[in-house]
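K.L.:
Show me how the following folds:
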Amino acid sequence: MVYQIFPDCFNNGNPHGEIQGRKKDSFIYATKEDSPYYIKDEHGDIARWDFFGGNLEGIRQKIPYLKDLGVTAIYLNSIFQASSNHRYDTQDFMKIDPMLGTEEDFKNLIKDLHKNRIALILDGVFNHVGADSKYFLSAVTDKTGPYYSWFNFINYPTKYQSWWGEPRFLKSTRVMLTTRTSSAGPTAF
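P.N.:
This is a model prediction of the structure:
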């Protein structure tokens, strides 16, 4: 059985529920019972992202619960560094979002999942990135750079193809996937 986890809302594994890697212009809920609420600007765009503070350590601590449910794999929504709580506006595919933890936390999660015979599926969405991603920022400043060809510019550098017409989510023409091998086994980033 596959169990999908939205990391920010699942579980905070820090000793006193503290939040790591806080982000500028965001807010963090005071209790687990709070309802999501987006603060929007005058154009209706989200001006401040909200966070509940779930993290990789919180997922690791819930492995016994997942095992009791009969879970054989977890499908983990995006964990890459981003501005939003959903993290589909990735800034860097090679970094874990600091609010979720460190690469060491990720390795520990993988190791403990494998010990418990639970597979891990990462949601890697490589066909779009955030407007503040290192890839897009490079492309809009350097037509000869390594990432320019990743994007469809209609009128360089100000008009470009985006995901669902949302200017904060830039549609990429390339799939970027590398694999690193560690003591915990192959890890796709």
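
K.L.:
Does residue 99 touch residue 8 like I think?
P.N.:
Yes. With contact defined as CB atoms under 8 Å, residue 99 counts as touching residue 8 (7.3 Å). Heads up, the C-betas are built off the backbone N, CA and C, glycines and all.

K.L.:
Find residues that contact each of the two.
P.N.:
When contacts are counted by CB atoms under 8 Å, 6 or more residues apart in numbering, residue 99 and residue 8 have 51, 53 as shared neighbours.

K.L.:
how long is stretch 127-142 end to end?
P.N.:
One end of stretch 127-142 sits 20 Å from the other (CA to CA, to the nearest Å).

K.L.:
Flag every buried residue along it.
P.N.:
128-131, 133-137, 139-140 (16 or more other CB atoms under 10 Å).

K.L.:
cool, and stretch 90-102?
P.N.:
In stretch 90-102, counting by 16+ other CB under 10 Å, buried: 90-93, 95-97, 99-102.

K.L.:
Out of those residues, which is nearest to residue 35?
P.N.:
Nearest to residue 35 among the buried residues of stretch 90-102: residue 99, at 19.9 Å, using CB to CB.

K.L.:
gap between that closest one and residue 126?
P.N.:
Distance of residue 99 to residue 126, given as CB to CB, to the nearest Å: 21 Å.

K.L.:
ok, now residue 55?
P.N.:
Applying CB to CB to residue 55 and residue 126 gives a distance of 23 Å.

K.L.:
Can you pick out the residue with more neighbours from the two?
P.N.:
More crowded of residue 55 and residue 126, by other CB atoms under 10 Å: residue 55, with 29 against 14.

K.L.:
So the more buried one sits against residue 9, correct?
P.N.:
No. Judged on CB under 8 Å, residue 55 makes no contact with residue 9 at a distance of 10.9 Å.

K.L.:
In the chain, where's the longest helix?
P.N.:
Ranked by residue count, the top helix of the chain under DSSP state H comes out as helix 103-115.

K.L.:
chain center to it, what's the gap?
P.N.:
Here helix 103-115 shows a centroid-to-chain-centroid distance of 17 Å under the convention CA atoms, centre = their mean, to the nearest Å.

K.L.:
and what of stretch 118-129?
P.N.:
On CA atoms, centre = their mean, the centre of stretch 118-129 falls 9 Å from the chain's centre.
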